[in-house]
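just to be clear, the model below is a prediction. Sequence and coordinates:
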Amino acid sequence: MSELVCVGAIAGSFGVRGEVRLKSFCAEPEAVADYGPLTSEDGTKSFTITLTRVIKNGFAAQISGIATKEQADALKGMRLFVPRDRLPALPDDEYYHADLIGLTVRDTGGTELGQVKAVMNHGADDLLEVQMPGSSQTFFLPFTLACVPTVDLAGGRIVADPPEGLL
């Protein structure tokens, strides 16, 4: 499991007083401000976030130490992380996307299908993007109980039963 989990990203400045456009990657979007302070991926910068209002595709937010539009513009594209231990525990059948990335995917017969490269959600169920072994090709596996009956985080593996014709 990853030590840091990405909970948001700065999409640019908002206005002229140092506010930023903030995208939240949390299940409850407002929770992004509750996990603070948030850090840059390399851990060199730390920020306290105050959400000021809801805007299209996210929030307007004030970030500690940022007072001008130019300072806010300089942060555009920065992803914001929190240590994994600050996140709430999940029920047994729920997982943080960061915990799934990198797990080995095997079919019910034990054959390796690949490794989870990304987890996506385009409105319905989550999809696991699985990179096939020894290849740059990927396929999308529905992250449902029928297709993924077992997730073993401690063992670093997923047992999958892909739908007929997927592979």
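Thanks, I have it. Numbers count the residues shown, from 1 in each chain.

CA atoms for contacts and neighbours, from now on please.
Fine.

what is the worst-scoring helix or strand of the chain on mean pLDDT packed up against?
None of the helices or strands of the chain scores lower by mean pLDDT, DSSP states H and E than helix 97-100, at a mean of 87. Where contact means 3 or more CA pairs under 8 Å, 6 or more residues apart in numbering; DSSP states H and E, helix 97-100 is packed against strand 112-121.

for the strand it packs on, buried residues please.
Of all the residues in strand 112-121, those buried under the rule 16 or more other CA atoms under 10 Å are 112, 113, 114, 115, 116, 117, 118, 119.

quick one: the third one and residue 105 touch, right?
Meaning residue 114. Yes - at 5.3 Å, residue 114 counts as touching residue 105 under the criterion of CA atoms under 8 Å.

mind checking the longest helix of this structure?
Ranked by number of residues, the top helix in the chain under DSSP state H is helix 69-74.

dump that one to CSV, keeping only the CA atoms.
In CSV, the C-alpha atoms belonging to helix 69-74 read as follows (Å, rounded to 0.1, in the frame of the first residue of the first chain):
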residue,chain,number,x,y,z
LYS,A,69,-2.8,35.3,-8.3
GLU,A,70,0.8,34.7,-9.5
GLN,A,71,1.6,32.5,-6.5
ALA,A,72,-1.6,30.5,-7.2
ASP,A,73,-0.8,30.2,-10.9
ALA,A,74,2.6,28.7,-10.0
